[in-house]
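[1] fold the following, please.
(chains A and B)
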Amino acid sequence: GDSVTQMEGPVTLSEEAFLTINCTYTATGYPSLFWYVQYPGEGLQLLLKATKADDKGSNKGFEATYRKETTSFHLEKGSVQVSDSAVYFCALSGIDGGTSYGKLTFGQGTILTVHP
Amino acid sequence: SAVISQKPSRDICQRGTSLTIQCQVDSQVTMMFWYRQQPGQSLTLIATANQGSEATYESGFVIDKFPISRPNLTFSTLTVSNMSPEDSSIYLCSAGSFQETQYFGPGTRLLVL
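    Numbers count the residues shown, from 1 in each chain, chains lettered A, B, ... in the order given. Down below sits the predicted model:
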């Protein structure tokens, strides 16, 4: 079945540092890929998405590129802020019309803490 | 984008009781789902809420424990039945249309004593 693997956390950075959170996936066909963010005490918010190979999703300074050859969708930001402290989830949406149709499969989440 | 609300936002319940969580979407959507997020964990799909028919449950989740209704394209309920402390989690509903982004509600934080 479909699966998503994220880098081990938690990640602690100083403000203005470069961020990378690795995400790799296993899926049938060509899933859509997502990054969701969960701020403390809140629900999930969509951060960015990509629906086909080589697409780059971007939002709020975050970027991720859909790499089919390496089955990866790593999240990057050039300069993090304290307000970026949150839990980040990589996810994929199955499209094969079978049991994974439309459902999101999540990675384990990565806790990011940014210090001033 | 769809705006999703959930009620209640949190609750504290006694074991053996049941709680019904409501999910309301501000527009008609094809697909609605219910997820569980146990403390410090990722999200696990409970079931797909099907409009006008029985929900489709994932492995490890059963209708007797988590009955779901979806009477129309904008509303769904999840009931957590005969609760135990192990049911303490955040329950989230999501909604979207085929190959479109799924949007999430703010979640219902449940503590079972």
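[2] in chain B, where is pLDDT below threshold?
    For chain B, the stretches flagged by pLDDT under 70 are B:98-99.
[3] spatially central residue for it, please.
    The centroid of chain B falls nearest to residue B:34 when counting by C-alpha atoms, centre = their mean (3.5 Å).
[4] element containing it, please.
    Using DSSP states H and E, residue B:34 falls within strand B:31-37.
[5] pull out the buried positions in the next helix-or-strand element following that strand.
    Following strand B:31-37 in sequence order, the next helix or strand is strand B:43-49 (DSSP H and E). The neighbour-count check on strand B:43-49 (16 or more other C-beta atoms under 10 Å in any protein chain shown) flags B:43, B:45-49 as buried. Placement of C-beta: from N, CA and C, glycine included.
[6] need those in a markdown table (columns: distance to chain A).
    Output for those, formatted as a markdown table (distance: C-beta to the nearest C-beta, whole Å):
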| residue | distance to chain A |
| --- | --- |
| B:43 | 5 |
| B:45 | 6 |
| B:46 | 11 |
| B:47 | 10 |
| B:48 | 7 |
| B:49 | 12 |
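[7] in chain A, which helix or strand is least confident?
    Sorting the helices and strands of chain A by mean pLDDT, DSSP states H and E puts strand A:104-106 at the bottom, at a mean of 90.
[8] residue contacts, residue 112?
    By default, I'm working from chain A. Contacts were defined as C-beta atoms under 8 Å, 6 or more residues apart in numbering or on different chains; by that measure residue A:112 touches A:9-13, A:19, A:21, A:80, A:84-88.
[9] that's the other chain; I wanted chain B
    Shown in contact with residue B:112 (C-beta under 8 Å, 6+ apart): B:12-15, B:83-88.
[10] now residue B:96: how far from residue A:20?
    Taking C-beta to C-beta, to the nearest Å as the measure, residue B:96 and residue A:20 are separated by 28 Å.
[11] give me the low-pLDDT residue ranges for chain A?
    Looking at chain A by pLDDT under 70, you get A:95-102.
[12] near chain B, which residues of it?
    Residues of chain A that fall close to chain B, judged by C-beta under 8 Å from any C-beta of the partner chain: A:32, A:34, A:36, A:42-46, A:49, A:51, A:89, A:93, A:95, A:102-109.
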